[in-house]
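A.B. asks: I would like the atomic coordinates for the input below:
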Amino acid sequence: MSKLLIVGSMAFDQIETPFGKSHKTMGGSANYISLSAAMFHAPSAVVSVVGDDYPSAFINALSQRHIDTSGIEVVAGGKTFFWSGKYHNDMNQRDTLDTQLNVINDFKPVVPEAFRDAEVLLLGNLHPSLQMDVLNQMTQSPKLVVMDTMNYWMNHTWDLLMEVIARVDVLTINDEEARQLTKEYSLVKSSQRIMAMGVKYVVIKKGEHGALLFHEDKVFFAPALPLAEVFDPTGAGDVFAGGMVGYLTKTGD
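C.D. replies: Have a look, this model is predicted:
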């Protein structure tokens, strides 16, 4: 069976929605991607960093599902990455209230030896320099490299972000981010601009309206399951990406 390597943030999230507030819940792309991918029982490992303020129970939640956590660095005296955001009635729209990179600022990722030849690599939402560092540690080119990113990196690390995008096969972002990345409102035109950056496949997430997959001149649409109530969208996009790569890793197709 193929192996899956996941690099991403492990964080505290503080979320406000029209339905309530949460205080320092489990956040970060690596958590939700790996927990979702684990549903497919493919061998997987996580590369990330936390401070010693991070609950061991959160890391144990991964290892209990047979996810290799040896690539998670715990920084003594360090503070874990923190993100705070506010969602509106339209859960597809969010405002970032606070971003504290903390231990991510000085993080030097180390890929576990057993996963440097992983067939599938998912570069979760994280600083592009860290995504590039992991790419450069692979002993052979993965069969599939999937990348997620967000508006924060578009605003602050544009040139490096473009370098990483040029080296990946699949870019998965939401519709708001796709429009910011390309300055195109039409998602069809936006996907074409992204593929011109070197990406083979573009997945644009549209929240409750499903997701779009673009490849060359082809388009595939997958609807979402309608829900009566949504209270907290934390990790939703990462769970989506994790399910996708978990399945692809398991089937090798």
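A.B. asks: Could you report the neighbour count for residue 60?
C.D. replies: Using other Cβ atoms under 10 Å, residue 60 has 11 neighbouring residues. In this view, the C-beta of every residue, glycine as well, is placed from N, C-alpha and C.
A.B. asks: same check, this time on the one 5 residues further on
C.D. replies: Other residues within reach of residue 65, judged by other Cβ under 10 Å, total 14.
A.B. asks: what's the closest non-adjacent residue to it?
C.D. replies: Distances taken as Cβ to Cβ, 6 or more residues apart in numbering place residue 38 nearest to residue 65, at 4.2 Å, with adjacent residues excluded.
A.B. asks: Do I have it right that the one you found meets residue 247?
C.D. replies: No. Counting by Cβ atoms under 8 Å, residue 38 does not reach residue 247; the two are 11.9 Å apart.
A.B. asks: Same drill for those two, tell me which one is more crowded.
C.D. replies: Between residue 38 and residue 247, residue 38 has the larger neighbour count (other Cβ under 10 Å), namely 19 against 14.
A.B. asks: tell me the contacts of the residue most central in space within the chain?
C.D. replies: By Cα atoms, centre = their mean, the chain has its centre lying nearest to residue 124, at 2.9 Å. Residues near residue 124 by Cβ atoms under 8 Å, 6 or more residues apart in numbering: 6, 7, 8, 9, 29, 30, 33, 148, 238, 241.
A.B. asks: Now it: closest residue in space, sequence neighbours ignored.
C.D. replies: Closest residue in space to residue 124, ignoring its immediate chain neighbours: residue 8 at 2.5 Å, by Cβ to Cβ, 6+ apart.
A.B. asks: just the contacts of residue 124 now: which is nearest residue 115?
C.D. replies: Lowest distance from residue 115 to the contacts of residue 124 (Cβ to Cβ) belongs to residue 6, with 9.3 Å.
A.B. asks: pLDDT at the closest one, what is it?
C.D. replies: If you check residue 6, the pLDDT there is 98.
A.B. asks: Could you report the neighbour count for residue 97?
C.D. replies: Residue 97 has 12 neighbouring residues, counting by other Cβ under 10 Å.
A.B. asks: ok, now how distant is it from residue 174?
C.D. replies: 18 Å (Cβ to Cβ, to the nearest Å).
A.B. asks: In helices, which of the contacts of residue 124 fall?
C.D. replies: Those of those mapping onto helices are 29, 30, 33, 238, 241, per DSSP state H.
A.B. asks: Surely residue 179 is within a helix?
C.D. replies: Yes. Counting by DSSP: H, G, I helix; E, B strand; the rest coil, residue 179 is part of a helix.
A.B. asks: Could you pull up the residues touching it?
C.D. replies: Residue 179 is in contact with 185, 187, 190, counting by Cβ under 8 Å, 6+ apart.
A.B. asks: Provide a PyMOL selection command restricted to the buried entries of the residues you listed.
C.D. replies: Those of those that count as buried under 16 or more other Cβ atoms under 10 Å are selected in PyMOL with:
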select buried, resi 187+190
